[in-house]
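> Prediction below, plus the sequence it came from.
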Amino acid sequence: MRNPLSLVRVTTAIARTAAGFGVAFMLQSIPAMVDQLPNMNLAWSVVMVGSLVASLAFTGVASVIDRGLRIGHVAFAAVYLIALVSWPFAVIDPAKAPSSSYWLYYTLTIATAMATVGLGIRLATAYVVVVPLVYGVIRITPPGGGVTITQAVLDSVYAIILGGAITIITAILRNAASSVDRAQATALERYGHAVRQHATEAERVQVDAIVHDSVLTTLLSAARAETAEAKELAALMAGNAIGHLRDAVSEAPQGDAEISIAALANRIADAAGALSEPVFVDSDGVRPGRIPVAVAEAVYSAAVQAMVNSLQHAGPAHRRWAVVRGGADDLVVEVGDDGAGFDPDAVPTERLGVRVSILERVASVGGVAVIDTAVGHGTVVSLHWPAPKGAPR
């Protein structure tokens, strides 16, 4: 079951909600706007109203396609602040300024909500407090309608309370989602560590068995060899023991430790389903075949690490996918996204997520991992086993 809570999903939901309510409040302001704009400078009216509508429309589209969310919300908050500060200077006749709520008041809540989504918690809090206070001060002046201090304070406090509630709820949801993301990453990291420990223990048991069954027996036979035939047998046993040790270094433990490629694909699909963001998994290209468990564990762990990296670093990608295809002789697992991408040469050497958890992990079982990425063009991680001829190790 896919986890419904994640920072990316919460941010997207809040952004879409803010855009939806923004459209509703903007429509609510139209009657007052039509009544009050004739007393405003025409150029100001065209520029400010047009900019507010355009930025709100951009925010709505960005929320739907999940792109440019922060830019759209910050743009609306900034345009609103400019409109608010310049409002008194655009009034043609202060004597005709409305004593009832000015049309910008209806969109004040939109601006504070947009600031909460687009800005950090500190800047958003400052915006939520300062902008309503600026509105209240302007309302006291003649161009602002010359209302009483009590009325101005009530309008400002109401806007601050409403904006503050939105900010607090948003901060709580973001913190909860971040905690879920961190817990998920930690769980996957611990699972990978457990897999590596299991592989190490299996290798140790194998080597111990070889040492006990071959090396020690050879040494005892050599110590007791007195005749030429016994010495020749001891030499033959020594050669066999060396061969066993060489094979243990170059090969993974075998026996019945094999699983089908279809089972590997199902495990990758289950892992993708447990992530906090949707990852489309395609295993239609899988052919019948079996591979060693050590290979399956390495490929599976590298694929999961690639998906986790996508969630943590790719940003709000529009599409994430994992493709499993091939058979026992040409297995390929591809994990990709169309997110932010990165510059591989700029990754610090101390960052082990790509080098150790993906590249070296697959190489250790005779495969190869290829990372195709660029800033702004997404990332595709291709895991091949066995490594194609001529592929770099």
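Cool, the structure landed.

> quick one, helices of the stretch 51-200 of the chain?
Using DSSP state H, counting those that start in this stretch, the helices of the stretch 51-200 of the chain run over 69-90, 103-106, 108-118, 121-140, 149-210.

> Would you mind finding the most buried of those helices?
Mean neighbours per residue, mean count of other CB atoms under 10 Å, is largest over the helices of the stretch 51-200 of the chain for helix 108-118, with a mean of 26. Heads up, the C-betas are built off the backbone N, CA and C, glycines and all.

> between that one and helix 69-90, how many degrees?
If you take axes from the mean of the first three to the mean of the last three CA atoms, to 10 degrees, helix 108-118 sits at 150 degrees to helix 69-90.

> hmm, back to that, tell me which of the helices of the stretch 51-200 of the chain sits nearest to residue 305.
Closest to residue 305 of these is helix 149-210 (CB to CB; 6.9 Å).

> Would you mind giving the helices of the stretch 51-200 of the chain as TSV with mean pLDDT and distance to residue 297 added?
Shown next, in TSV, are those (pLDDT from 0 to 100; distance: least, CB to CB, whole Å):
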stretch	mean pLDDT	distance to residue 297
helix 69-90	87	38
helix 103-106	83	59
helix 108-118	83	41
helix 121-140	88	41
helix 149-210	73	5
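
> Tabulate these (TSV), appending distance to residue 287.
TSV is the format used below for the helices of the stretch 51-200 of the chain (distance: least, CB to CB, whole Å):
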stretch	distance to residue 287
helix 69-90	42
helix 103-106	62
helix 108-118	47
helix 121-140	52
helix 149-210	25
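
> show me what contacts residue 69?
11, 12, 15, 59, 62, 63, 117, 118, 316 (CB atoms under 8 Å, 6 or more residues apart in numbering).

> Distance of the fourth one relative to residue 120?
Distance of residue 59 to residue 120, computed by CB to CB, to the nearest Å: 18 Å.

> who's more crowded, these two?
residue 59 (29 against 9; other CB atoms under 10 Å).

> thinking again about what came up before, farthest pair within the contacts of residue 69?
It's 59 and 316 that sit farthest apart of those, by CB to CB, at 14.4 Å.

> can you tell me which residues contact residue 342?
Residue 342 makes contact with 313, 373, 375, 379 under the criterion CB under 8 Å, 6+ apart.

> Please name the nearest non-neighbouring residue to the last one.
Ranked by CB to CB, 6 or more residues apart in numbering and with sequence neighbours excluded, the top spatial neighbour of residue 379 is residue 373, at 3.9 Å.

> Go ahead and confirm that neighbour touches residue 345.
No - counting by CB atoms under 8 Å, residue 373 stays clear of residue 345, with 10.9 Å between them.

> So for those two, which sits in the more crowded spot?
residue 373 (20 against 5).

> what about that one, distance to residue 342?
To residue 342, residue 373 is 6 Å away according to CB to CB.

> Give the residues shared as contacts by the two.
By CB under 8 Å, 6+ apart, residue 373 and residue 342 have these common neighbours: residue 379.
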